[in-house]
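In: Quick one: sequence plus predicted model below, questions after.
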Amino acid sequence: MFEVDAEPARARALPPRLYLDPAVAEVEARELFARTWQLVGHAGQLAEVGDQVAVEVAGEPLVIVRADAGLRGWFNVCPHRAGPLLAGCARRRTLQCGYHGWTFDLDGRLRRAPGADADAATLADVALAPVEVAAWGPLVFAAIAPRLTLDDQLAGITPPAASLRWVMRRDYELACNWKVYVDNYLEGYHIPIVHPELHEELDPDGYRTEVARWSSRQHAPLRATDGDGSDGRRYRPDDQPDGADAEYHWVFPNLMLNAYQGQLQTNVVVPLAPDRTRVTFEWFAEVAPAEPLVDERWRRLVDFSDLLQVQDTTICEQVHRNLGSRGARRGRYVPRHEAGVHHFHRLLAELLAPALVAAACLLAACGGGGGGDDAAATPDAMPTRVFGGDRPVELEVPAGYDPSQQYPLVLVLHGYSANGLLQEAYMQLAELSTSGTAFVLAPDGLVDSDGNHCWNASPACCDFDHRGVDDVAYLGGLIDDVMASWSIDPARVYVIGHSNGAYMAYRMACDRADVITAIAGLAGLMISVDGSGCNPARPVSILHLHGDADDTVPYDGDGGPGGAGASPGAVASTAIWAALDGCGTTTTAGAPLDLVRDIDGAETQVASYDDCPSGLGVELWTLTGAGHIPNWQPDFDETVWAWLTSH
């Protein structure tokens, strides 16, 4: 769904929508934060057997304890009826549920269940659910379902001395996405503008970035001083016991380890919402002052850190707001200064893109619960990329756009409860714009009373609130406005939809045949059982894909996902269109296709209506054994695109 080129000079930054979309945030929690090691505490909190601390990772409540056998971690959830085991911190030899008093040993075994002594045999196997815990120097990490070891995640970084002592903590909340903050941390390019005071401390000519598999290091030499302390410097090389450099380590996805002026500062970046982030700063030192804010040297360090954080907060919040602007687009990297940002984005593309495709598969079912690349032309010379008025959608422009040529336009319509971004990922359509092939529009339907995006396509699907939204006018207006602004080939305007989006594709073919050339619909049906209400202004080519094991939108038709109206079935839907297009009533079988990854062999049976007028086609592709959300082969998009462009 999005890619970041391996070569920074060619690459484009993340699509703005990845910073804004709540669906992306849900995938990040599951696939990034739950599957990496997260810093959750320090040795001082867990020094003695019985020490306990409650923490949260990826929205999951955890409790970390020091047991006789060492550090252990558990979900902070009683297996009885989900009561909490701990709030804050404590020191005791057991964990006790704050709901019904069930008590557990520090190794997770049930010790006592009040009033349930007679059921001891049936409770013998009750235990707390574990998570992984490990120490690294004085720092304690936890992982729910790690994709790699802690050593692999921290490879190349020298562990801090276990003798370091905790000094203090400060929390900051920002009105921005967590990735905006990480982007900002990973480059010193902004320092002269945003941090003029810090710029006076560092030697910009020696600033460099080195990247490893899961981390990066920014190396920042300090400027030389006059030696007598009269220059007002905040960082002094003579205060740095191991040299005059500051080192800033970042560990994927959200940890910073900053070593300077004889101390270690950790930053943990925690997403609270798509537009809210908490950053926790903690300081460690060999000798911890009793009152760091009274100690002159520490007060100077902390006050300067506060100043930098205020400056970073201001710019990060401005950037986040601007990412929601119609003028936001995928940026370009300055390789000399932004190697760390590029590296971060490459890791996100590696891990998030497949997960977002999987999320689209889960969300796209009808009834189930960023912009593209910039054009090669300069932005000032290009028309607007945002259309839709109060329902804005960003047009994905073909890479290398040449206004002297005409390009196809593809309208992607999502299923009920999904959105345009996820649908584009599931249908494997992002490369249409990134490869320079076509324009792509992937709008979102309005949100219904259950919080789900939907299209008002037919009585069967999916205006369950009966609001009567005119989505034909909205989508048709998008097509008209894009064609008026960009170089679109009027003979190559296509609609691709899934489930509710496929129902809507049929509706658009009926009502806006004046601009639509062909549609490809997966698991959606015609707007009525007999074709009534469909009066296309001209013929439209139809490709209907449907699994014969679809339980959500049955292959043979039914009353619709909401039980609101009759649906004609896959065969009848294509037969109606064959008649509307002037085709014959018989079909010819084509060569079977292998479109679904987890079904052996060529499972897709092709039935093409005979005697269609020249250039037109009506075909039914029956996916034998497939359900509502097939798992596509890698060339699925190429196969569908080839069919569309040949009609």
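Out: That came through, no problem.

In: for the stretch 251-400 of the chain, what spans make up the strands?
Out: In the stretch 251-400 of the chain, strands defined by DSSP state E, counting those that start in this stretch lie at 255-260, 263-273, 276-285, 386-387, 393-394, listed in chain order.

In: wait, I meant the stretch 101-250 of the chain
Out: Going by DSSP E, counting those that start in this stretch, the stretch 101-250 of the chain shows strands at 103-105, 110-112, 130-136, 139-143, 165-174, 208-211, 215-221, 245-251.

In: still on that earlier bit, dump the strands of the stretch 251-400 of the chain into a markdown table; add mean neighbour count, mean pLDDT and distance to residue 57 as well.
Out: Bear in mind the C-beta positions are built from the backbone N, C-alpha and C, glycine included. Putting the strands of the stretch 251-400 of the chain into a markdown table (neighbours: other Cβ atoms under 10 Å; pLDDT from 0 to 100; distance: least, Cβ to Cβ, whole Å) gives the following:
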| stretch | mean neighbour count | mean pLDDT | distance to residue 57 |
| --- | --- | --- | --- |
| strand 255-260 | 21 | 92 | 12 |
| strand 263-273 | 19 | 96 | 9 |
| strand 276-285 | 20 | 96 | 13 |
| strand 386-387 | 18 | 89 | 37 |
| strand 393-394 | 22 | 90 | 33 |
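
In: and those strands as TSV, adding distance to residue 473?
Out: Written out in TSV, the entries for the strands of the stretch 251-400 of the chain read as follows (distance: least, Cβ to Cβ, whole Å):
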stretch	distance to residue 473
strand 255-260	49
strand 263-273	33
strand 276-285	35
strand 386-387	13
strand 393-394	15
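
In: Need the winner for burial among the strands of the stretch 101-250 of the chain.
Out: With neighbours taken as mean count of other Cβ atoms under 10 Å, those reach their highest mean count in strand 139-143, at a mean of 24.

In: and that strand, how far out from the chain's middle?
Out: On the basis of Cα atoms, centre = their mean, to the nearest Å, strand 139-143 is displaced by 24 Å from the centre of the chain it belongs to.

In: try stretch 496-509
Out: Distance of stretch 496-509 from the chain centroid (Cα atoms, centre = their mean) equals 25 Å.

In: what's the answer for stretch 443-460, then?
Out: Stretch 443-460 has its average C-alpha position 22 Å from the chain's average C-alpha position, going by Cα atoms, centre = their mean.

In: returning to what we had before: do you know which of the strands of the stretch 251-400 of the chain lies nearest residue 438?
Out: Ranking the strands of the stretch 251-400 of the chain by their distance to residue 438 (criterion: Cβ to Cβ) puts strand 393-394 first, at 15.0 Å.

In: now the angle between strand 165-174 and the helix ranked longest in the chain, please.
Out: Determined from DSSP state H, the single longest helix within the chain is helix 296-323. Here helix 296-323 runs at 30 degrees with respect to strand 165-174, directions being taken by axes from the mean of the first three to the mean of the last three Cα atoms, to 10 degrees.

In: For helix 296-323, name the packing helices and strands.
Out: Using 3 or more Cβ pairs under 8 Å, 6 or more residues apart in numbering; DSSP states H and E as the contact test, the elements touching helix 296-323 are strand 165-174, helix 178-185, helix 191-194, helix 196-199, strand 276-285.

In: same for the first one, what does it pack against?
Out: Using 3+ Cβ pairs under 8 Å, 6+ apart as the contact criterion, the elements in contact with strand 165-174 are strand 276-285, helix 296-323.

In: now the ones you listed as TSV including distance to residue 196?
Out: Output for the helices and strands packed on strand 165-174, formatted as TSV (distance: least, Cβ to Cβ, whole Å):
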stretch	distance to residue 196
strand 276-285	21
helix 296-323	9
